[in-house]
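Sequence plus the predicted model coming up.
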Amino acid sequence: MAFLRPDIIRPPSEWKSYFLPLTSGCSNNTCTFCNYFGSTLRLRDPGEAMQEIDALALYKKHGVTLQSISYIVYAVARNWDGKRVFLQDGDALVYPFPKLKSVLEHLNEKFPNLDRVSAYATAKDILRREVQELKQLKDLKLSFLYMGVESGDDEILKRVRKRATYVEMVEAAHKAKEAGIGLSATIILGLGGVENSRKHALSCARILSDMDPEFAAALTLIIVPGTPMEEEIKRGDFHLITPFESLEELKLIIENANFTNCFFTSMHASNYLPVRVRLPEEKNKIIKDLESILAKKDPSLLKPEYFRAL
């Protein structure tokens with residue numbers, strides 16, 4: 001079956017990147033809350049990816065476009081500064097190692113001035129690689145990975161069918177660090193529902209502390225139509241937290257997490273309040289800010305529901 005280029009789903013910090021698909025869908029397609037739920041993982045032929053890299057280089061150097069190449073390539077490339085590439089899709093690190101290595105070698109040959117290549121990666125993607133393999137990818141500028149941690153509580157992870165455990169995600173973070181690859185760990189506010197809100201927040205603080213990533217980010221749960229979680233809510237088996245309860249979770253996480261040096265954000269479009277803070281240096285300040293907002297309980301201080309998005 002022909003490889004269909006996936007929609008662009010990317011971390012907020014990758015907005016300037018060129019988006020190069022190596023896969024579509026996600027190997028971990030069972031998460032009950034995710035828009036990748038039930039997706040079929042497809043791998044792109046490396047030769048096709050290299051043809052796109054060739055066309056991209058031709059366009060950036062000479063302004064030449066080819067009819068055989070998707071218009072999306074040129075739409076994205078038009079404002080690309082040539083510095084960063086983000087490998088699509090949901091977990092591009094699942095791409096077979098020899099093929100990934102050959103594509104990265106070709107990318108570096110055509111764009112020797114790249115600053116970095118990045119991708120989403122599951123804990124299992126990282127754990128199946130030897131440290132030496134990860135170091136080879138790092139040498140080819142695949143130097144940053146985004147891992148969806150979601151929660152640090154194994155019961156919650158099992159309930160949402162994450163197919164990853166606390167221990168596996170911490171081990172994967174340490175393995176990436178040993179290889180010199182930067183990591184951004186993402187948790188989801190509200191994933192434990194009302195009943196497990198505090199447990200979820202404290203477990204997120206604990207796993208982030210044990211992972212000790214250079215970057216961490218909080219998203220806020222948004223219900224994707226057609227997912228099992230939507231059905232849970234309809235049945236009354238899962239109860240969503242309120243916007244201010246999501247800030248309570250955020251405060252608990254920041255209060256209880258211990259980082260060596262981490263840039264923590266909640267800048268994703270799903271969040272009710274954007275936060276950008278360096279931890280631990282700015283911990284006290286952001287906690288006071290959150291306490292002030294929680295004391296006022298003024299909805300005008302939060303992002304309106306209709307502005308939230310995935």
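Great, that's in hand. Numbers count the residues shown, from 1 in each chain.

got the contact list for Lys283?
The neighbourhood of Lys283, defined by Cβ atoms under 8 Å, 6 or more residues apart in numbering, consists of Ile254, Glu255, Val277. C-beta: built from backbone N, CA, C; applies to glycine.

can you tell me which of those residues are in strands?
Val277 (DSSP state E).

which non-adjacent residue is nearest Ala205?
Here the nearest residue to Ala205 in space, its sequence neighbours aside, is Asn256; by Cβ to Cβ, 6 or more residues apart in numbering that works out to 3.6 Å.

SS state for Leu93?
helix (DSSP: H, G, I helix; E, B strand; the rest coil).

ok, it to Gly193 distance?
Per Cβ to Cβ, to the nearest Å, Leu93 is found 30 Å from Gly193.

Name the residue in those two with the higher neighbour count.
Neighbours were counted for Leu93 and for Gly193 using other Cβ atoms under 10 Å; Leu93 has more, 24 against 19.

so who does the more buried one touch?
Neighbouring residues of Leu93 by Cβ under 8 Å, 6+ apart: Leu87, Leu100, Ala119, Tyr120, Ala121, Thr122, Asp125, Ile126, Arg129, Leu145.

Model confidence score at the last one, please.
The model reports Leu145 with a pLDDT of 97.

Same check on the third one?
Predicted confidence (pLDDT) at Ala119: the value is 95.

beta partners for it?
Beta-bridge partners for Ala119, by DSSP bridges, are Leu87, Leu145.

pretty sure it is touching Leu142, no?
Yes: the pair Ala119 and Leu142 qualifies as a contact (Cβ atoms under 8 Å) at a distance of 6.8 Å.

what touches both of those two?
Counting by Cβ under 8 Å, 6+ apart, the residues touching both Ala119 and Leu142 are Leu87.

and the residue nearest the centre of the chain, what does it touch?
Geometric centre of the chain, nearest residue: Tyr146, 4.4 Å, by Cα atoms, centre = their mean. Counting by Cβ under 8 Å, 6+ apart, Tyr146 touches Pro11, Ser118, Ala119, Tyr120, Ala121, Leu183, Ser184, Thr186.

list the contacts for the second one?
Pointing back at Ser118 there. By Cβ under 8 Å, 6+ apart, the residues touching Ser118 are Glu14, Ser17, Arg84, Val85, Phe86, Leu87, Leu142, Ser143, Phe144, Leu145, Tyr146.
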